[in-house]
Structure formats: structure tokens, C-alpha cells
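A.B. asks: take this sequence and fold it.
(one chain, ligands or ions: 1)
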Amino acid sequence: MEKLVLIGFGTVGQGFLELLVQKKKFLKENFGLDYKLVAVCDSLKGSVLNNNGLDMEKVLKWVKAGKNLNNFPDGKNGLNALETIEKANGTVMFEATYTDIKKAEPATTHIKNALDKGMDVVTTNKGPIALYYKELSELAKRKKKILRFEGTVMAGTPVFSLLQNGMAGCEIKEIKGILNGTTNFILTKMEEGLSYEEALKIAQDLGYAEAVPDADVLGWDALAKVCILANVVFGARVKPDPKKLECIGITEIKKEDIFKAKEEGKRYKLIGKVWKEKGKVKVKVSPELLELSDPLSSVMGSTNALSFINDALNSVTIVGPGAGRKETGYAMLNDFILIHKNRR
Ligand code: HSE
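C.D. replies: Numbers count the residues shown, from 1 in each chain. Reported below is the predicted structural model:
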């Protein structure tokens, strides 16, 4: 029986718990995966811990009704994240607190403490993987625990599990694509006639945009994902500092530019790239004017896409969701299944 600890219970955490509720029977039947939720902790929504298990549906309903978990019955309330990690007898900790790309805290401390405590860890939080991948993966190895982070890039669309499994024998030379749902959504809606502000507001309402949308529109979120790819796939040690790396967002693109491009049979896309040049790993985020015949130019809305240029299969492109409640929650679910499979 897996015992789950959820740290961070915003959009992604709730999306994940919804899937856990919906798929309980499916996961048991298909993977022999059985689980209970032992703790939920969120800096705004409160916390509850019961090592015998919490009613998952009741927790979801409670929070959706706007009630604070500090008043949830059947458990110990009011513990902070570190106390929750300390007191919970969890097997897997799921970290989905807000992304802080400058310091990656408090998420990095949550992950370290959970690994130290002997839990496997799943995170969708970009900060810790963009900034401290090497340290965290080494810690996990030392502790003989698993750290998975599929949801940090392209939400639940498989990137890391694809590279680790289906493309394990391919030498990756370049990775390039659309890595930010909000900006791709804004560019799409602007082409349909909406203003930048209207499009951004919808992206925020749909839960794609970061808490501070600057992170999306200035390219920082895409840069964080590019750095994650650089560090995890290319073994680099780059930090997503937009002042030191080439990073241009979409704020300078006007509606007129978009229409003019369309007339010329072209389309703007915010492209993130990581590649090797003379033995060095390079990263870049910037708008590119693509021909409509380019496969990336037909990727619309909040959808993301990534091409892996490699020696064995030339180019493999994946297209899929890169943001969203269920879509990112699914990344956690898939990581969870893979951790469970690994136990056998
Ligand atoms: N704000 C991000 C995006 C969320 O729009 O892609 C997923 O990382």
C-alpha cells in the first residue's frame, strides 16, 4: 500500500488528487497499485495529516467548497510543510508548491527533507530541477530513492520517460520547441483578433499562466524548462538566469506583426532550444518567425511541442499539453505509476 503525502494543493495538486480518486480501480486492476492519502499541506489551504489515511473525495470537496484544511476533521491539522513531511509515514511525497525560479524554495527543502526521510519524490515544480537537479538527483541516489519530475516540462506529455525508455539509445544533439502554453495561447488568440490583455486573462482563468505572468510572457518559464532539459539530458549545469542567457519573450510582438506574418505565410512562435556546439551546451529562448509548413507553426493554443534531433531517428517530435490542471496532475500520476513499477 503506497502512502501519499501532497505538499502544495493548488491547481496541480488538486488535479492529481482528482485523478487518484477517478482511477483508483483502474490503477489497482492494471498495475496492482493501491494507495491512501496520508497528508495534504498547502500554505494557503491549510493542512491535515492522518497516517491511517484520509478520505480523498472528502478532502477534494472540502477545498473546492473553499474550506480550510486546518478545520478538516479526522486528522492532525495546522502542521506546516516540513512538519508534515517529518510526521507523515508516507512512501511518496508529491511536491506541487508554487514555482520560484530564483531560489527554488521552499520546494527544494521539501524535496530534500522527503528524500532524507526515506520517501520517493515526484515534483512538477520547475525551480528545484532547473537549479538543483544535480544535487537532488545525487541525494536521491545516495538515499536509494527515486526522484521524478515529468511535469516540469510539457506537463503530462512524456518527455523524460520517452528519453529514458523509447529513445534511450539515441544520442540527442538538439532539443527545440514550444515550451510555454500561456504564450502560445496568447499568440493564437491574438491571431484570432483578441488583444494581448484579453488573451492573457483567459490563460490565467484557465490556470495555464504562472502566478506572476511575467514569468510566461518574458520567456522565463520557457527558459527554466530549457535549462531543465540542458541539465537533465545534456548533463549541463546552467541556471535559468534571463540576464545571463539569451531570453526574449513575446511582449514586443504586436497584433500588426502577427497579421503581417500571416499575410506572408508565416507565424511567430516562442521557441526554446538547447543544443551542443563545439562541446558546449547552449540554450536560447526567443520568438521565431516560422514558415507555415514548419510542423511547430501548426501547434496552437496552449499545446506544446518538442523535437528531439538525434543520431538514430533523426528527428522525433512530440505534441501535447504543456499546462493545465488535469494535464499536469497526470504527470504526477504517471511518475507515481513508474515509481510503483520500479519497486517490483
Ligand atoms: N505557465 C506555464 C505554461 C505552466 O504556460 O506553460 C506550465 O509550466
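
A.B. asks: let me see the ranges of the helices in the stretch 201-344 of the chain.
C.D. replies: 214-217, 220-233, 255-263, 325-342 (DSSP state H, counting those that start in this stretch).

A.B. asks: which of these sits most buried?
C.D. replies: helix 220-233 (a mean of 27; mean count of other C-beta atoms under 10 Å). C-beta: built from backbone N, CA, C; applies to glycine.

A.B. asks: how about that one and the ligand, touching?
C.D. replies: Yes - interface with the ligand: helix 220-233 contributes Asp221 (C-beta under 6 Å from any ligand atom).

A.B. asks: in JSON lines: the helices of the stretch 201-344 of the chain, plus mean pLDDT.
C.D. replies: JSON lines is the format used below for these (pLDDT from 0 to 100):
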{"stretch": "helix 214-217", "mean pLDDT": "92"}
{"stretch": "helix 220-233", "mean pLDDT": "97"}
{"stretch": "helix 255-263", "mean pLDDT": "93"}
{"stretch": "helix 325-342", "mean pLDDT": "96"}
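
A.B. asks: ok, which of the ones you listed comes nearest Leu20?
C.D. replies: Among those, the nearest to Leu20 by C-beta to C-beta is helix 325-342 (7.1 Å).

A.B. asks: and that closest one, anywhere near the ligand?
C.D. replies: No - residues of helix 325-342 contacting the ligand under C-beta under 6 Å from any ligand atom: none, with a closest distance of 6.6 Å.

A.B. asks: same for that helix, what does it pack against?
C.D. replies: Packing partners of helix 325-342 (3 or more C-beta pairs under 8 Å, 6 or more residues apart in numbering; DSSP states H and E): strand 2-7, helix 11-22, helix 24-31, strand 92-95, strand 120-123, strand 147-148.

A.B. asks: return the third one as PDB; C-alpha atoms alone will do.
C.D. replies: Right, helix 24-31. Presented in PDB, the C-alpha positions along helix 24-31 are these (Å, rounded to 0.1, in the frame of the first residue of the first chain):
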ATOM      1  CA  LYS A  24      -8.400   4.000  -8.100                       C
ATOM      2  CA  LYS A  25     -10.000   0.900  -9.600                       C
ATOM      3  CA  PHE A  26      -8.100   1.200 -12.900                       C
ATOM      4  CA  LEU A  27      -4.700   1.500 -11.200                       C
ATOM      5  CA  LYS A  28      -5.400  -1.400  -8.900                       C
ATOM      6  CA  GLU A  29      -6.500  -3.600 -11.700                       C
ATOM      7  CA  ASN A  30      -3.800  -2.600 -14.200                       C
ATOM      8  CA  PHE A  31      -0.800  -2.100 -12.000                       C
END
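
A.B. asks: what does stretch 136-152 contact?
C.D. replies: With contact meaning C-beta atoms under 8 Å, 6 or more residues apart in numbering, stretch 136-152 is reached by 12, 108, 111-112, 115-116, 118-126, 128-130, 156, 158-161, 225, 228, 328, 331-332, 334-335, 338-339, 342.
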